[in-house]
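J.: whatever this is, show me its structure:
(one chain, ligands or ions: 1)
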Amino acid sequence: MEVRKNLQIIEGPDFGRYPYSNSLLVGRSCLIDAGAGETLKGVRVDWILNSHWHEDHIALNRVGRRVAAHYLDAEAVQDYEEFKRRYALGDLVKLFVNFEFGRVDRTFEDGDVFEFEGVQIEVLHTPGHSAGHSCFVIGGVIFLADVDLTSFGPWYGCLDCDVRDFVLSIERIKNEVRKRGVSLAIPSHGKPVSGTEEILKRLDDYLAKIFERDKRIKELVRSGEDPVGKGVIYKRMPEPREIYLHFERIMIEKHLAARLDELYPSSRATQ
Ligand SMILES: [Zn+2]
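T.: So this is what the prediction gives:
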């Protein structure tokens with residue numbers, strides 16, 4: 001789907017639902033993320049820019065001659081041992097890997113600008129979902145990657161995730177969207193969102209999920225209950241259940257370590 005001149009969304013199956021994701025083709029030479037499955041068949045580009053190291057974004061990196069990733073994520077993009085370490089799932093992680101890891105040819109950081117066929121792509125480092133997670137701003141368009149605006153809400157179940165950084169990254173994205181008048185947001189999973197106000201509203205709803213979870217977790221802890229397995233993060237846990245329990249435990253631990261109450265919208269309004 002061509003959304004702007006030289007910008008084409010390549011949707012993964014079922015609107016990029018996991019284990020797939022949406023890609024963005026810039027001109028004919030650059031692809032942002034490579035997890036769109038079959039729909040990438042026949043695509044060949046000079047460069048792939050990875051938003052982060054997760055399997056559903058890097059699985060088809062081989063369609064690019066060269067690969068770039070944020071310097072904090074590059075090692076997990078190219079090395080299975082580092083990928084496995086960050087998941088902290090032991091050998092269960094093999095369930096996520098049905099591809100060969102390939103080399104990262106260059107790294108980028110916040111503020112770097114790439115140019116392909118006259119189209120500029122600016123890197124916006126937005127940590128939280130991973131240490132090096134990055135969004136990309138292309139004129140009035142933002143590729144949000146896994147700040148994915150889904151009804152599930154933000155995900156931070158790996159060792160290099162940080163829920164506090166996630167909050168601050170969403171705030172930063174809101175500022176950038178406002179300042180630059182961004183009118184189209186493309187998440188890695190789900191449909192694109194049009195209109196500056198609508199994008200800001202969806203980001204607010206998404207951010208609110210973190211605070212809802214935080215309040216619930218702290219209520220449970222205060223009443224002496226273990227918050228894991230109470231539906232705070234996962235309403236349902238399909239098999240293999242131990243994987244979801246593992247992610248939920250990590251996410252809850254991150255809440256308990258993060259002192260997010262300082263960031264609640266209500267506490268800031270009264271300052
Ligand atoms: Zn991800």
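
J.: sec struct for residue 115, please.
T.: Assigned with DSSP: H, G, I helix; E, B strand; the rest coil, residue 115 falls in the strand class.

J.: which residues does it contact?
T.: Shown in contact with residue 115 (CB atoms under 8 Å, 6 or more residues apart in numbering): residue 121. All C-beta atoms are positioned from the backbone trio N, CA, C, and that covers glycine.

J.: quickly list what it is bridged to.
T.: Using DSSP bridges, the bridge partners assigned to residue 115 are residue 120.

J.: for it, give its distance to the ion.
T.: Residue 115 sits 26 Å away from the ion, taking CB to the ion, to the nearest Å as the criterion.

J.: and the residue in the chain that the ion sits nearest to, how many neighbours does it have?
T.: Distances between the chain and the ion by CB to the ion are smallest at residue 54, namely 3.5 Å. Using other CB atoms under 10 Å, residue 54 is surrounded by 29 other residues.

J.: touching, it and residue 146? I think so.
T.: Yes: the pair residue 54 / residue 146 is scored as a contact, 7.2 Å apart, by CB atoms under 8 Å.

J.: now do the shared contacts for the two.
T.: residue 130.

J.: let me see the mean pLDDT of stretch 248-263.
T.: Average pLDDT, stretch 248-263: 95.

J.: should've said stretch 97-106
T.: Averaged over stretch 97-106, pLDDT sits at 97.

J.: could you do stretch 142-160 as well?
T.: Per-residue scores along stretch 142-160 average to 98.

J.: also stretch 81-90?
T.: 98.

J.: tell me which residues of that stretch come out buried.
T.: For stretch 81-90, a neighbour-count test (16 or more other CB atoms under 10 Å) marks 82-87, 89 as buried.

J.: how about the residues of the stretch 101-250 of the chain by the ion?
T.: For the stretch 101-250 of the chain, the residues in contact with the ion (CB under 5 Å from the ion) are residue 146.

J.: show me where the stretch 101-250 of the chain has helices.
T.: Under the criterion DSSP state H, counting those that start in this stretch, the stretch 101-250 of the chain contains helices at 163-180, 196-222, 241-258.

J.: out of those helices, which comes closest to residue 108?
T.: Residue 108 lies closest, by CB to CB, to one member of the helices of the stretch 101-250 of the chain: helix 163-180, at 16.4 Å.

J.: can you pull the contacts of the residue of the chain closest to the ion?
T.: By CB under 8 Å, 6+ apart, the contact list for residue 54 reads 130, 146.

J.: the same query, at a cut-off of 7 Å, please.
T.: Neighbouring residues of residue 54 by CB atoms under 7 Å, 6 or more residues apart in numbering: residue 130.

J.: what about it, distance to residue 220?
T.: 28 Å (CB to CB, to the nearest Å).

J.: so which residue is smack in the middle of this structure?
T.: For the chain, the residue nearest the mean C-alpha position is residue 146 (2.1 Å; CA atoms, centre = their mean).

J.: I'd guessed it sits against residue 188; true?
T.: Yes: between residue 146 and residue 188 there is a contact under CB atoms under 7 Å: 5.4 Å.

J.: what do these two both touch?
T.: Common neighbours of residue 146 and residue 188 (criterion: CB under 7 Å, 6+ apart): residue 51.

J.: give me the below-cutoff pLDDT ranges for the protein.
T.: Applying pLDDT under 70 to the chain flags residues 268-271.

J.: how is it divided into domains?
T.: As recorded under automatic domain parsing, the domains making up the chain are 2-210, 211-263.

J.: quick one: the strands in the protein?
T.: Taking DSSP state E as the criterion, the chain contains strands spanning 2-4, 7-10, 23-26, 30-32, 45-50, 64-70, 106-108, 113-116, 119-125, 134-138, 141-145, 184-187, 193-194.

J.: check contacts around residue 199.
T.: Residue 199 makes contact with 177, 182, 185, 193, according to CB under 7 Å, 6+ apart.

J.: run the last query once more with 6 Å
T.: Residue 199 makes contact with 177, 185, 193 under the criterion CB atoms under 6 Å, 6 or more residues apart in numbering.

J.: and for residue 133?
T.: Counting by CB under 6 Å, 6+ apart, residue 133 makes contact with 52, 126-127.
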